[in-house]
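Asks: Got a predicted model here, sequence first, then my questions.
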Amino acid sequence: MELPFSESASAHGAPGPNGFRTPSSVALAEPESPAGEQQLQSRKQKQARVTVALAGISTAVPEHSIAQTDAAQLAAELGVTNKYRKSLDTMYRLSGVQRRFSVLLDSSAAEDVQQAFYFPATSPDDHGPSTATRMVKYEQTAADLALEASRKALESSGVPVAAVTHLVTISCSGFAAPGVDLALIDQLGLSPDVERAHVGFMGCHGALNGLRVARGWAAADPDACVLVCAVELCSLHHQYTEHAQQLVANALFSDGACAFIVQQNSLEETDCRLVSQASHVIAETAEMMSWKIADHGFQMTLSPKVPEVIVQTLKPWLEGWLAKSNLRIEDIGSWAVHPGGPRILAATAKALELQNNALQHSEAILASHGNMSSPTVFFILERIRAMGESGPTVMLGFGPGLTIEAALLEW
């Protein structure tokens, strides 16, 4: 679920326009002048000379999961008319997903799939729990999953809790204030003076936007130690619908969290260096993907034309960006492409003329976990690290705009 809203941030920082305080990592817009452009380029060059590393990449999922065949049966029972009932099994089977995790499940046993959140529709006007009810569940469960991933990241990186100076949280599947960020400060025992930012409602590439915020803080301050955590509970937004695109979303999405540390340091064996990041909005594609708040959860639409747009536009843009680091597509050793679905992965492989197994890590995570929105690319990155792969790695995500978000890492 890749969403169009901008990065939102709350932090301790200097007063900005209209008296609002602006976090140190978020620069005000440069004036449109040669002098302003020179200042921007100078700052980018300075950051490029600083080594910023990712450490302790960790993930967490809810306790219980469901096989895709059982998920298809459950979806049919909740509220799909005969129009799609017969094709629902095929839709779920072709999703590329074999199993998914959810905070709503009470059991993982195939013969005892239980959940008490969704009930069969009692009429054509019954669209399931209200958005308010879904947000109550988000508030009750999101922090625990974020906390598990964050504790793993701190332990894996060897970073003491007291060393964390900044916190970035990411989520597009729920809202609450006080939110996950304040829960992490309280339950991890972070300093009450930790600077924080929240990246909200940006969707499946949101963790890459959060990484950009963390990189800005770390590159600007050699003493900064940034904890980044993304958590999504996409299973809260199952739709009782006859809308084909929303039925596809029902078949793909699941719950998960990731966390990692970003800082300037000498690279440890399991760390990776963040070389570069980039973003690109594809012209005249704004209507091809959406993520909107409705009365009964958040609703996603995804045009079947998106893979075609990826095939047409991705390669020339990516080649230009990699060239700035003196790299070509064939120099990339590993790919962490967000698995928005099998067709998105196939379009990426076709556009970049990749070998058959180049996206094996993305395909494997899609199969074993489903699409968890923003944390998913870091599940893929964790798998790449576990396989002991080295060399340049590219992370890619697609979202409304249509927008491409990318990061270049070096192991």
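Replies: Right, received. Where do you want to start?

Asks: Any chance you could list what contacts stretch 173-193?
Replies: For stretch 173-193, the surrounding residues in contact (C-beta atoms under 8 Å, 6 or more residues apart in numbering) are 1, 10, 12, 134-135, 138-139, 142-143, 146-147, 150-151, 154, 161-162, 164-165, 167, 169, 171, 194, 196, 198, 200, 227, 229, 231-234, 236-237, 298, 373. Heads up, the C-betas are built off the backbone N, CA and C, glycines and all.

Asks: isn't Arg215 right up against Leu274?
Replies: Yes - using C-beta atoms under 8 Å, Arg215 makes contact with Leu274 at a distance of 5.8 Å.

Asks: Next, show the common contact partners of those two.
Replies: Here Arg215 and Leu274 have Val52, Val262 as joint contacts, going by C-beta under 8 Å, 6+ apart.

Asks: Confirm that Gln246 sits in a helix.
Replies: Yes - the assignment for Gln246 is a helix, going by DSSP: H, G, I helix; E, B strand; the rest coil.

Asks: contacting residues for Val394?
Replies: Val394 touches Leu318, Leu322, Ile332, Ser334, Trp335, Ala336, Ala406, Ala407, Leu408, Leu409, counting by C-beta under 8 Å, 6+ apart.

Asks: Derive a ChimeraX selection command for the buried subset of the contacts of stretch 173-193.
Replies: Of the contacts of stretch 173-193, the buried ones go into a single ChimeraX selection, burial set by 16 or more other C-beta atoms under 10 Å:
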select :1,134,135,138,139,142,143,146,147,150,151,154,164,165,167,169,171,194,196,198,200,227,229,231,232,233,234,236,237,298,373
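
Asks: can you put the contacts of Val394 in TSV and add pLDDT?
Replies: TSV is the format used below for the contacts of Val394 (pLDDT from 0 to 100):
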residue	pLDDT
Leu318	98
Leu322	98
Ile332	98
Ser334	98
Trp335	98
Ala336	98
Ala406	98
Ala407	98
Leu408	98
Leu409	97
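
Asks: any chance you could map the helices in the stretch 1-150 of the chain?
Replies: Ranges of helices in the stretch 1-150 of the chain, per DSSP state H, counting those that start in this stretch, are 34-48, 68-79, 82-93, 131-157.

Asks: Between these, which one is closest to Ala351.
Replies: Closest to Ala351 of the helices of the stretch 1-150 of the chain is helix 82-93 (C-beta to C-beta; 24.8 Å).

Asks: which other residues reach the closest one?
Replies: By C-beta under 8 Å, 6+ apart, helix 82-93 touches Gln68, Thr69, Ala71, Ala72, Ala75, Ala76, Val80, Glu242, Ala244, Leu247, Val248, Ala251.

Asks: which of the residues in that helix are buried?
Replies: Within helix 82-93, the residues scored as buried using 16+ other C-beta under 10 Å are Tyr84, Leu88, Met91, Tyr92.

Asks: Apart from its neighbours in sequence, what residue is nearest Trp317?
Replies: In space, and not counting its chain neighbours, Trp317 is closest to His280: 5.3 Å by C-beta to C-beta, 6 or more residues apart in numbering.

Asks: er, Pro342 I mean
Replies: Among residues not flanking Pro342 along the chain, Gly96 sits closest, at 4.1 Å (C-beta to C-beta, 6+ apart).

Asks: Tell me, how many residues neighbour that neighbour?
Replies: As a burial measure, Gly96 scores 21 neighbours (other C-beta atoms under 10 Å).

Asks: wouldn't it be in contact with Ser368 here?
Replies: No - with contact defined as C-beta under 8 Å, Gly96 does not count as touching Ser368 (10.6 Å).

Asks: Looking at the buried residues of helix 82-93, which is nearest Thr51?
Replies: Checking the buried residues of helix 82-93 against Thr51 with C-beta to C-beta, the nearest one is Tyr92 at 44.7 Å.

Asks: Just give the closest residue to the closest one, not the sequence neighbours.
Replies: In space, and not counting its chain neighbours, Tyr92 is closest to Ala72: 3.8 Å by C-beta to C-beta, 6+ apart.

Asks: and the one you found, what is it in contact with?
Replies: Residues near Ala72 by C-beta under 8 Å, 6+ apart: Leu88, Asp89, Met91, Tyr92, Arg93, Ala251.

Asks: closest to Pro124 among these?
Replies: Nearest member of the contacts of Ala72 to Pro124, counting by C-beta to C-beta, is Leu88, at 17.7 Å.
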